[in-house]
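Asks: no sequence on this one, just coordinates:
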Ligand code: MF3
Ligand code: CO
Ligand code: CO
């Protein structure tokens, strides 16, 4: 069941969404060769608490840290560790914050030091895949329209789009209906309505689309060890289009 948010509920959701976006702005300066993903986790955790927010990943179905950090061939749900980032890596930082019981969920892939040709390619395809997905969101469009435009673009770039994980409705609950697939057919699936709030978060592999989960039960990697990148926003369907809720506060 997809719940439509009232204008008042949207106002209640904005602080969590802004906070998650602000966290990504804040963390960018720290993404340098030599930092460990545990250090990134601590910085995100402390910043979140300091601003009166709760890091949603911590203890979510047993996830052990406050943020997901997915490096190189890790697709998503990477667990922060003592491993250092090195020049030429890419890292997706996926932040979900709770304020007043409402969630905001956003992620970005960052270059560590100087990007290589392949890291740049997969990252820019993932960035554009999210942009294209957002561009078709409006009342009367369908979920299939979002999946279709993303899949067409990503596969046209000879990259793979991950099937096993999808965007999702979000609000008082971290993951709720609908499921927002990043592949599909135009003019199929649920019709979008004003007041729906969901994420789009395509995972793009420079190799094949297939993934597997590691023994830690969280870390998702590409089967062929190819690089993977992802961007995510929390979105509101407005009267005539889309509003990105996970934009940073203007300072
Ligand atoms: N933030 C992820 C998403 O975009 C979910 C992470 S679940 C966690 O949906 F437990 F790994 F944090
Ligand atoms: Co999400
Ligand atoms: Co997320």
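Replies: Sure, I can see it. Owing to the predicted nature of the structure, the values given are computational and were not obtained by experimental measurement. Numbering: from 1, shown residues only. Ligands and ions are numbered 1, 2, ... in the order given.

Asks: where along this protein do the helices fall?
Replies: For the chain, the helices defined by DSSP state H cover 7-28, 37-50, 117-135, 143-156.

Asks: list the helices and strands the second one packs on?
Replies: It refers to helix 37-50. With contacts defined as 3 or more Cβ pairs under 8 Å, 6 or more residues apart in numbering; DSSP states H and E, helix 37-50 has these neighbours: helix 7-28, strand 54-55, strand 68-71, strand 90-99. Placement of C-beta: from N, CA and C, glycine included.

Asks: closest to ligand 3 out of the helices of the chain?
Replies: Within the helices of the chain, the stretch nearest ligand 3 is helix 7-28; the backing value is 8.4 Å (Cβ to the ion).

Asks: in the closest one, what counts as buried?
Replies: 10, 12-24, 27 (16 or more other Cβ atoms under 10 Å).

Asks: now swap in stretch 107-114 and tell me
Replies: Using 16+ other Cβ under 10 Å as the test for burial, stretch 107-114 gives 107, 108, 109, 110, 111, 112.

Asks: coming back round to it: now the helices of the chain as CSV including mean pLDDT and distance to residue 69?
Replies: Formatted as CSV, the helices of the chain follow (pLDDT from 0 to 100; distance: least, Cβ to Cβ, whole Å):
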stretch, mean pLDDT, distance to residue 69
helix 7-28, 98, 10
helix 37-50, 99, 4
helix 117-135, 99, 15
helix 143-156, 99, 23
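
Asks: Adding distance to residue 245, write those out as JSON lines.
Replies: Below are these laid out as JSON lines (distance: least, Cβ to Cβ, whole Å):
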{"stretch": "helix 7-28", "distance to residue 245": "4"}
{"stretch": "helix 37-50", "distance to residue 245": "17"}
{"stretch": "helix 117-135", "distance to residue 245": "11"}
{"stretch": "helix 143-156", "distance to residue 245": "16"}
